[in-house]
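Colleague: what follows is a predicted structure for the sequence shown.
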Amino acid sequence: MKIGQKQISQMLQTAAGAVRKTAATFEVVKSPANRLKQDVVEIAGVQKTQQTQTVKAAKVVSSAASLAYPDVQLTKTLMALGEKNLFNKEILAFLTRSRNAEGELMYSQPQRNVISAAVKKVNRLKNIAHKLADDAKRAEKEAFEEIRSLFPAKYKDCFEHRAKSKESTFDKLVNHLRDEIDKFRNELYKQHFKGNYKKASDADKQKFYDQIMSGKITLTDGQWNKLTNLFARRKQEYRDSNNIVMDQIGTRLLLPTGSKKETEEVTEIIEKAIKAQKIRITRVSNYSKDGIKPYVSNKRIAGWQELDHRIPALVNYDKSKDNGYTTFQMNVVHKNGTPGEFQMRSRKMNIVCNGEHTFYDLLENKDITKGVHELKEYYENAGVFDLVAEMKKNPVIFDSYMTYIKDSYKKTRDTALGAEYPMQVLTNYIDAKYEKLSLENLCKMADEVKAIQKKYPDIFG
């Protein structure tokens, strides 16, 4: 929306008045927020026309009045960062706690430093994500053929492959940054409560938050600097980001049945490739839990480490997500230098995984629409948002649904190994009103969503 001259004049008069009343509460900022506003343009979605007019207006405002505007912009910026869930609520409390006598947010210099650094960091990550995604797209075909060439012709039609999209790459980089911010929060909790934040009760977590909001817990100058430094530019920022996104190119082998015979054959193929140095493995994750037989035994993987000592220790040993997720996964570096991921599971297991993944994203309130109105409309019309929200409020229904998911994983795997089980029926666990959340329906939705996503290659790759 464009800002008229009259609106600009009114805004500046209001800002000047606010400054005269509260000048004593401000720390003088050596440079106005123009540079910050430029950094914010992409992340906060400010239109260039509006930005240009605002910058022009800032040039004619007095030096005192120019101090008020950054607080308005910083609040918008925090909202934009909040949409990406960059800051946990405790750190966000430190960034929004200060107010003047009229109750307006007034930002201290340490708060400004953190917010400005965070904006710049996020914009750098966006640029890096675009470069990584473009590189992966160019390398996708060659990398896939490299993996495909290891397998005999009968597996020709058993592969899926994709290059990670710009949005997904960006999300992964932001998630890594968020983890670092959470570590800072956890260290602070340990300092004041002598405990582990992840294991703390909801009551203790709330007490921690309340004490931050009340000002009983504050940050030292050193802690403010440490928080700000989490967003500092690194000398090897691009290379480090390249290592964080280890699945820039994904290749998945969907076994016809997932039988012991098939998995043994694939295991032998991988071992021969390791011996012949045709594959460089950087990470192995063997997802299985609750007695579900993995696709590759941990003992065989240990043997691979004897063949190539560069293969690191097994990740997720005998672990999985609490829902019983089952798959074999390893990260590799392709000959062209691009990090990739190889997965193996059966076709039937893939149905369970795809359906459950859709539910997991809904459960975690992930931005699965990526701002695409057509996708938002699709999910709303399907009614799954409301069903998941309702299920989250009812622990009995939720636990029964998770039992349905776990049983589906286990019995799908057992069937591949010779047992005879029909596909699990959701109505045997919970009321038929939740039928839209059955794995069959969620998997069907996942396919329909992919068809919509293909219309937006810049967002979904």
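Modeller: Noted; the coordinates are in hand.
Colleague: which residue ranges form the strands in this structure?
Modeller: For the chain, the strands defined by DSSP state E occupy 159-163, 249-255, 281-287, 327-333, 339-346.
Colleague: ok, now which ones touch the residue nearest to residue 413 when sequence neighbours are not counted?
Modeller: Take residue 413 and drop its neighbours on the chain: the residue closest to it by CB to CB, 6 or more residues apart in numbering is residue 292, 5.1 Å away. From N, CA and C alone the C-beta is placed, and that goes for glycine too. Residue 292 makes contact with 320, 324, 326, 409, 410, 413, 414, according to CB atoms under 8 Å, 6 or more residues apart in numbering.
Colleague: what's the distance between the fourth one and residue 434?
Modeller: The one in question is residue 409. In this view, residue 409 and residue 434 are 18 Å apart by CB to CB, to the nearest Å.
Colleague: what do you get for the third one?
Modeller: Residue 326 sits at a distance of 23 Å from residue 434 (criterion: CB to CB).
Colleague: compute the inter-axis angle for the top helix by length along the chain and strand 339-346.
Modeller: The helix that spans the most residues within the chain, counting by DSSP state H, is helix 109-148. With axes from the mean of the first three to the mean of the last three CA atoms, to 10 degrees defining the directions, helix 109-148 sits at 60 degrees from strand 339-346.
Colleague: buried stuff in helix 109-148?
Modeller: 110-126, 128-129, 132-133, 135-137, 139-140, 143-144, 146-147 (16 or more other CB atoms under 10 Å).
Colleague: from memory residue 173 sits against residue 129, does it?
Modeller: Yes: the criterion here is CB atoms under 8 Å, and residue 173 meets it with residue 129 at 5.7 Å.
Colleague: and for the two, which residues touch both?
Modeller: 241, 245.
Colleague: show me what residue 283 bridges to in the sheet.
Modeller: Listed beta-bridge partners, residue 283: residue 331 (assigned using DSSP bridges).
Colleague: need the worst-confidence member of the contacts of residue 292.
Modeller: By pLDDT, residue 320 ranks lowest within the contacts of residue 292, coming in at 51.
Colleague: before we move on, the earlier item: which one's more surrounded, residue 409 and residue 434?
Modeller: Neighbours were counted for residue 409 and for residue 434 using other CB atoms under 10 Å; residue 409 has more, 27 against 21.
Colleague: leaving aside the residues adjacent along the chain, what's closest to the more buried one?
Modeller: residue 324 (3.7 Å).
Colleague: ok, the one you found to residue 399 distance?
Modeller: Counting by CB to CB - residue 324 and residue 399 are separated by 14 Å.
Colleague: pLDDT wise, what is the residue lying closest to residue 361 once chain neighbours are set aside at?
Modeller: Closest residue to residue 361 apart from its sequence neighbours, by CB to CB, 6+ apart: residue 368 at 4.8 Å. Looking at residue 368, its pLDDT is 83.
Colleague: cool, and residue 13?
Modeller: 51.
Colleague: what's the burial count for residue 437?
Modeller: Count around residue 437 with other CB under 10 Å applied: 24.
Colleague: who touches it in this structure?
Modeller: By CB under 8 Å, 6+ apart, the neighbours of residue 437 are 359, 384, 387, 388, 391, 401, 426.
Colleague: just the ones of these in helices?
Modeller: Per DSSP H, these map to helices at 359, 384, 387, 388, 391, 401.
Colleague: identify the farthest-apart pair in the residues you listed.
Modeller: 384 and 401 (12.7 Å; CB to CB).
Colleague: measure residue 332 to residue 310 for me?
Modeller: The value you get for residue 332 to residue 310, if CB to CB is used, is 12 Å.
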